[in-house]
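**Student:** quick one: sequence plus predicted model below, questions after.
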Amino acid sequence: MSLVRLNIKGISYSQTQNGAYALILSEENGDRKLPIVIGAFEAQSIAIALEKEIMPPRPLTHDLFKTFATRYEIVVKQVIIHKLLDGVFYSSIICEREKIEEIIDARTSDAIALALRFNAPIFTYKNILDKAGIHTETGTKKTTTSKKTEIVSEQILIREELKEDISENDFSKHSLKTLKKLLTEAVNNEEYERAVNIRDEISKRK
C-alpha cells in the first residue's frame, strides 16, 4: 500500500464538545484534509511544538520523552497512521538506535507530538485517506516542503463555534445528498470538528 505524506494544517476547537479539539492534517501535493479528534493536553503539546518561540517553564511529557530519547541516542524517523477502526486512528512510531529500527505502537496524538519534536515526517496509507479524507477547494497554491524542514505547518487555527446548538450536531435525519452539501459547507467555513461528525455519519451509510 502506498504512503501519503501529511502536513499539519492547524488545530480547531469547539465549545460544543467540552475539551475536544480537531487536529487537521493536510495531504501533501493534494487537496484533502484529515481531521483527527484529540484531547486538550495533546492539543496544547502540539501547539507548543508548532510555535517555536514558546518555551514552557517545565518540560511537557513529550519534551521529556525527546530529552530521554536524545540522551540514549534514539531517533524518531517517521510516524505512520496505519489503521482506522470505528472512527479511531492507530499510529506507529518508527524509531532507530545504533542502526536498529524498532516500531512502537502509539496514540496518533502522541505520535504527532513527538514527530514535531524530532522533525520527523508524518504519513498515512492511501486507503485511509480515501476513506476519511475531506476534499477542499482546489485552485489554491500547494505548500512546498523546505529541504531543511520535514514538517510544514501553517498558523494554528483556534475557532469557537458559539452559536451552534446540540440539535445541529444530530445528522442522522438528513439525507445523504444533504449531508454531502453540509460537509462541503463545514470544510469551506473551516468548521473541521463539525465536518468530522458529518463525515462519520456519511461513513455509517456506506
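**Tutor:** Noted; the coordinates are in hand. Numbers count the residues shown, from 1 in each chain.

**Student:** all the strands of the chain, residue numbers only.
**Tutor:** 3-13, 21-27, 32-38, 75-85, 88-97, 100-107, 122-125, 134-135 (DSSP state E).

**Student:** in the chain, where is pLDDT below threshold?
**Tutor:** Within the chain, the ranges that satisfy pLDDT under 70 run 13-19, 53-54, 137-169, 190, 192-193, 206.

**Student:** the same query, at a cut-off of 90, please.
**Tutor:** For the chain, the stretches flagged by pLDDT under 90 are 1, 10-22, 29-31, 37, 39-41, 43-45, 47-60, 86-87, 133-206.

**Student:** would you list every one of the helices in the chain?
**Tutor:** 40-50, 61-71, 108-117, 126-132, 176-188, 192-204 (DSSP state H).

**Student:** in stretch 34-51, which residues are buried?
**Tutor:** Within stretch 34-51, the residues that count as buried by 16 or more other C-beta atoms under 10 Å are 34-38, 41-50. For the C-beta atoms, the positions are set from N, CA and C on the backbone; glycine is no exception.

**Student:** and which of these is nearest to residue 122?
**Tutor:** Residue 122 lies nearest to residue 34 out of these, by C-beta to C-beta, at 9.9 Å.

**Student:** comparing the strands of the chain, which comes out most buried?
**Tutor:** Mean neighbour count (mean count of other C-beta atoms under 10 Å) peaks for strand 21-27 among the strands of the chain, with a mean of 24.

**Student:** helices or strands up against that one?
**Tutor:** On a contact count with 3 or more C-beta pairs under 8 Å, 6 or more residues apart in numbering; DSSP states H and E, strand 21-27 meets strand 3-13, strand 32-38, helix 40-50, helix 192-204.

**Student:** strand partners of that strand, parallel vs antiparallel please.
**Tutor:** Next to strand 21-27 in the sheet, as set by DSSP bridges, lie strand 3-13 (antiparallel), strand 32-38 (antiparallel).

**Student:** residue contacts, residue 32?
**Tutor:** 26, 129, 133, 134, 135, 136 (C-beta atoms under 8 Å, 6 or more residues apart in numbering).
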